[in-house]
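Engineer: I'll drop the sequence and a predicted model, then ask my questions.
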Amino acid sequence: MNVRQGRPAGGAAVSSPAAGNGAGPGEAPPPILEVDGLHVHRGEAHILHGLDFHIAPNRVTALLGRNGVGKTTTLLALLGLLPSSGEIRLEGESVTSLSTHRRVQRGLAYVPEDREVFSQLTVAENLRLAMQWPESADRLATVHELFPELERRSAQKAGSLSGGQQQMLALGRTLLHPAKLLLIDEPTKGLAPIVITEVVAALQQATADSTVLLVEQNLRVAEALATDAIVLDEGRVAWSGAMADLLADEELTRSMLGVGRRAGGQET
Ligand SMILES: Nc1ncnc2c1ncn2[C@@H]1O[C@H](COP(=O)(O)OP(=O)(O)OP(=O)(O)O)[C@@H](O)[C@H]1O
Ligand SMILES: [Mg+2]
């Protein structure tokens with residue numbers, strides 16, 4: 001397989017301190033997630049053709065690629081929401097045969113692309129339903145600090161929130177889970193630029209010490225949040241490495257993502 005690589009996904013070059021993970025000095029910490037030969041079919045279509053990648057702990061990894069390339073499919077397969085073949089290991093242990101429920105218990109959390117909230121319930125009720133872990137009560141205070149709007153709108157029906165506020169509620173619900181790996185699908189999709197800035201600022205705080213696999217079409221958002229990147233093309237990992245290396249390679253971003261960057265950092 002022809003995989004272009006800036007450096008191995010999983011951060012083998014060790015650029016961040018990533019303390020407390022048991023790795024010796026200069027050694028890469030063991031990956032949180034290892035995916036080997038992941039295949040997924042949807043209907044008649046063979047969507048993922050044997051993905052191989054690792055996710056390093058305490059970092060945000062962007063999962064990138066053109067529309068329809070299989071980014072959401074990858075997250076759904078990791079969660080066990082779509083049938084797949086291949087091997088998925090979380091902290092070195094296979095979760096491949098586990099149900100979605102068990103994978104979530106093992107530490108996977110998910111913010112879907114369409115920001116699922118219970119529209120007939122209030123903001124507070126939506127959050128209360130997600131308080132399923134002993135740590136959730138402490139985490140609620142953090143969620144309210146990150147998204148003060150949610151506390152102010154506690155009594156409001158979630159269905160009457162703006163798109164940005166619903167995204168914050170969806171993120172807030174997921175952050176109540178002490179997850180080992182947070183899967184976030186396009187958190188800024190369809191949001192106004194000013195709201196994107198707010199969501200990105202909150203995500204920067206919320207993900208500071210977390211391990212995140214972030215699907216994001218907006219390269220500037222990915223740049224602001226992620227240190228590592230995985231690029232999918234034709235159902236395979238076409239490139240993985242440091243986000244900065246990806247962004248520095250104009251030909252690569254143009255060919256793989258269909259975007260270029262002018263000197264001012266604007267996407268074209
Ligand atoms: N429910 C479905 N049944 C069959 N095929 C599907 C289904 N949902 C998506 N697909 C197909 O699977 C492929 C991958 O879709 P997926 O949603 O994973 O792409 P994506 O990279 O997340 O795209 P986007 O950037 O548009 O969100 C696409 O060709 C899509 O048409
Ligand atoms: Mg998608």
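Structural biologist: Cool, the structure landed. Numbering: from 1, shown residues only. Ligands and ions are numbered 1, 2, ... in the order given.
Engineer: Quick one: residues contacting Val60.
Structural biologist: Thr207, Ser210, Thr211, Val212, Leu214, Leu225, Ala226, Thr227, Asp228 (Cβ atoms under 8 Å, 6 or more residues apart in numbering). Quick note: C-beta positions are derived from backbone N, CA and C, even for glycine.
Engineer: quick one: it from Leu182, how far?
Structural biologist: For Val60, the distance to Leu182 equals 9 Å [Cβ to Cβ, to the nearest Å].
Engineer: Find residues that contact each of those two.
Structural biologist: Thr207, Ser210, Thr211, Val212.
Engineer: quick one: which of the contacts of Val60 sit in strands?
Structural biologist: Val212, Leu214, Asp228 (DSSP state E).
Engineer: Most neighbours out of those residues, which is it?
Structural biologist: Using other Cβ atoms under 10 Å as the neighbour test, the ones in strands among the contacts of Val60 are led by Asp228, with 30 neighbours.
Engineer: Bridge partners for that one, pull those for me.
Structural biologist: Beta bridges link Asp228 to Thr61, Ala242 when assigned by DSSP bridges.
Engineer: Tell me the pLDDT of it.
Structural biologist: Looking at Asp228, its pLDDT reads 96.
Engineer: What is the burial count for the closest residue in space to Glu135 that isn't next to it in sequence?
Structural biologist: Take Glu135 and drop its neighbours on the chain: the residue closest to it by Cβ to Cβ, 6 or more residues apart in numbering is Pro178, 4.5 Å away. The tally of other residues near Pro178 (other Cβ under 10 Å) stands at 14.
Engineer: What of Leu64?
Structural biologist: 27.
Engineer: Test my guess that it contacts Asp233.
Structural biologist: No - taking contacts as Cβ atoms under 8 Å, Leu64 lies outside contact range of Asp233: 9.7 Å.
Engineer: between the two, what contacts are shared?
Structural biologist: Counting by Cβ under 8 Å, 6+ apart, the shared contacts of Leu64 and Asp233 are Met256.
Engineer: ok, back up a step: look over the shared contacts of Val60 and Leu182 and name the one with the lowest pLDDT score.
Structural biologist: Among the shared contacts of Val60 and Leu182, pLDDT bottoms out at Thr207, giving 87.
Engineer: In contact with it, which residues?
Structural biologist: Val60, Leu182, Leu225.
Engineer: quick check, the second one in a helix?
Structural biologist: No - using DSSP: H, G, I helix; E, B strand; the rest coil, the assignment for Leu182 is strand, not a helix.
Engineer: ok, back up a step: what would the ones in strands among the contacts of Val60 look like in JSON lines with distance to ligand 1?
Structural biologist: Listed next are these as JSON lines, based on distance: Cβ to the nearest ligand atom, whole Å:
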{"residue": "Val212", "distance to ligand 1": "17"}
{"residue": "Leu214", "distance to ligand 1": "13"}
{"residue": "Asp228", "distance to ligand 1": "18"}
